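**Q** below are the sequence and a predicted model; questions follow.
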Amino acid sequence: MSLIVQKFGGSSVADAESIKRVAKRIVETRKAGNEVVVAVSAMGDTTDELLDLAHQVTPIPAPRELDMLLTAGERISMALLAMSIRSMGHDARSFTGSQAGMITDARHGQARIVDVTPVRVRDALDEGAIAIVAGFQGFNRGTGDITTLGRGGSDTTAVALAAALHADVCEIYTDVDGIFTADPRVVPRAQKIDRISSEEMLELAANGAKVLYIRAVEYARRHGVTLHVRSSFNNNEGTIVYNPTEENSESPVEEPLIAGVATDLSEAKITVVGVPDIPGKAAQIFNIVAKTGANIDMIVQNVSAAATGLTDISFTLPKSDGQTVLTALTAEQTDVGFRGLQYDDQIGKLALVGAGMRTNAGVSAKLFTALYEAGINIEMISTSEIRISVVTRADTVNDALRVVHTAFGLDADDEAVVHGGTGR
């Protein structure tokens, strides 16, 4: 008997009919002789609707109460799903994050998992039941409060349960048929990837691919959990995200040159203008940024002007952190000695990812040529061993995605099918 953890996102349980369809799939997995644990998200856009309600009541909701409010969405979907399964003649028991042993730190809204003790889930399985767990939520032992894990928290819940229960596989169900070489909503002829390494998936997730969240991929890689990303709308095989350290998990053929292309419109660029080009100034600037808690992505420092001895330093960060960082840097302008700040939130990032880059020359040349021929200007460049990222204007990034996808021979013969429309 295999133990399978399944995760269903909001678009998969958007309404009563969708919930019944998901319940049928879960029951089929149980009938095949498997133990089944399910992590479920809130129905459809419930979380966003609850956030809107909170901001109608107050411009700044109390973090503790906001977590209490948002966890209601998953409680609704888990209970309805358990009811639907029971109506089909199978025992199903729903559990909140705290009941399922998802122990987190005390940070509301972005809690991190510190321990997983799924005693009640294991007991339910031993008694022949299907366990339905509310995703996205946990419990802090110190404060006794309910917490939430942030966006993508249901993915993380599923992977954490799979690791703690030593599941054979963690199936992440979405409204597309797996992981594609690009977002099929922007590139209709994107190809489904059959197998991808966790290393490549981490890079794609970190650079805007929304089918899997980076925290879930990191957790799966660290704990050796195999992921199977597939559609909740059909029974097609999806995409296996494997860990190269697993026994017999290495691909039998050479890795493809390019696994996929991702884009991200959630970042902004700050340029610190007229920084004295002397040791320690960059350290001052980024220590100030670090104190705000902002995560920096790309950094570029220009060559200093000989006449002035000044340079410019540009970096990208989430738009949500932009104003906080600007305020912190402005407060320290006299001490650091820079001349001014520029803020640009109309940028887009494109990332080309592939483990085959390690052993193939000419990838950069082909990328830059494709963008040049399309008339798309590059503002920043960053690389890793298996990734090349560039920053362009926000209104050109989708065009860049399409031309690069074609340039690297990733276009499929047929258009991809998107069942729900959100990618979750």
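**A** Looks like it arrived, so ask away. Because the structure is a prediction, the values reported are computed rather than measured. Numbering: from 1, shown residues only.

**Q** grab the nearest non-local neighbour of the residue nearest the centre of the chain.
**A** Geometric centre of the chain, nearest residue: residue 213, 1.8 Å, by CA atoms, centre = their mean. Leaving out its chain neighbours, the residue that sits closest to residue 213 by CB to CB, 6 or more residues apart in numbering is residue 152, at 2.8 Å. Any C-beta I mention is one placed from the backbone N, CA and C, and that applies to glycine too.

**Q** residue 318 is in contact with residue 266, correct?
**A** Yes - using CB atoms under 8 Å, residue 266 makes contact with residue 318 at a distance of 6.0 Å.

**Q** can you pull the contacts of the nearest residue to residue 33 once chain neighbours are set aside?
**A** Nearest non-adjacent residue to residue 33, counting by CB to CB, 6+ apart: residue 1, 5.7 Å away. Residue 1 makes contact with 33-35 under the criterion CB atoms under 8 Å, 6 or more residues apart in numbering.

**Q** go through those residues and flag which are in strands.
**A** residue 35 (DSSP state E).

**Q** now list the buried members of the contacts of residue 1.
**A** If you count burial by 16 or more other CB atoms under 10 Å, the buried members of the contacts of residue 1 come out as 34-35.

**Q** state the number of residues packed around residue 126.
**A** For residue 126, the tally of surrounding residues (other CB atoms under 10 Å) stands at 9.

**Q** for it, what are its contacts?
**A** Residue 126 touches nothing, counting by CB under 8 Å, 6+ apart.

**Q** same thing but 10 Å
**A** Counting by CB atoms under 10 Å, 6 or more residues apart in numbering, residue 126 makes contact with residue 35.

**Q** check which element follows the host helix or strand of residue 203 along the chain.
**A** Assigned by DSSP states H and E, residue 203 belongs to helix 198-206. Beyond helix 198-206 on the C-terminal side, the first helix or strand identified by DSSP H and E is helix 214-223.

**Q** buried stuff in that next one?
**A** For helix 214-223, burial by neighbour count (16+ other CB under 10 Å) applies to 214-221.

**Q** also stretch 44-58?
**A** The neighbour-count check on stretch 44-58 (16+ other CB under 10 Å) flags 44, 46-47, 50, 54 as buried.

**Q** tell me how far it lies from the chain's centre.
**A** Distance of stretch 44-58 from its chain centroid, counting by CA atoms, centre = their mean, to the nearest Å, is 21 Å.

**Q** and if you look at stretch 177-186?
**A** With CA atoms, centre = their mean, you get 14 Å for stretch 177-186.

**Q** show the average pLDDT along it.
**A** Averaged across stretch 177-186, pLDDT comes to 92.

**Q** start to end distance for it?
**A** 16 Å (CA to CA, to the nearest Å).

**Q** how about stretch 212-232?
**A** Stretch 212-232 end-to-end distance (CA to CA) = 15 Å.

**Q** what about that stretch, average pLDDT?
**A** pLDDT averaged over stretch 212-232 gives 93.

**Q** with residue 274 as the reference, measure out to the residue in the chain sticking out farthest from the centre.
**A** Within the chain, the residue lying farthest from the chain centre (CA atoms, centre = their mean) is residue 307, at 45.4 Å. Relative to residue 274, residue 307 is positioned 12 Å away (CB to CB, to the nearest Å).

**Q** which residues of the stretch 1-150 of the chain score low on pLDDT?
**A** For the stretch 1-150 of the chain, no stretch is flagged by pLDDT under 70.

**Q** that one: strands as residue ranges?
**A** Taking DSSP state E, counting those that start in this stretch as the criterion, the stretch 1-150 of the chain carries its strands at 3-8, 35-40, 92-95, 102-104, 113-116, 130-134, 137-139, 146-148.

**Q** just the angle between the first one and strand 130-134, please?
**A** What that stands for is strand 3-8. Computed by axes from the mean of the first three to the mean of the last three CA atoms, to 10 degrees, the angle separating strand 3-8 from strand 130-134 equals 40 degrees.

**Q** of the buried residues of helix 214-223, closest to residue 397?
**A** residue 214 (19.4 Å; CB to CB).

**Q** any idea which element the residue farthest from the centre of the chain lies in?
**A** Per DSSP H and E, there is no helix or strand for residue 307.

**Q** what angle separates the longest helix belonging to the chain from strand 3-8?
**A** Ordering each helix of the chain by length in residues (DSSP state H) puts helix 63-87 first. Angle, helix 63-87 to strand 3-8, by the same axes, to 10 degrees: 120 degrees.

**Q** for helix 63-87, name the packing helices and strands.
**A** Counting contacts by 3 or more CB pairs under 10 Å, 6 or more residues apart in numbering; DSSP states H and E, helix 63-87 is packed against helix 16-31, strand 35-40, helix 46-57, strand 92-95, strand 130-134, strand 137-139, strand 146-148, helix 153-164.
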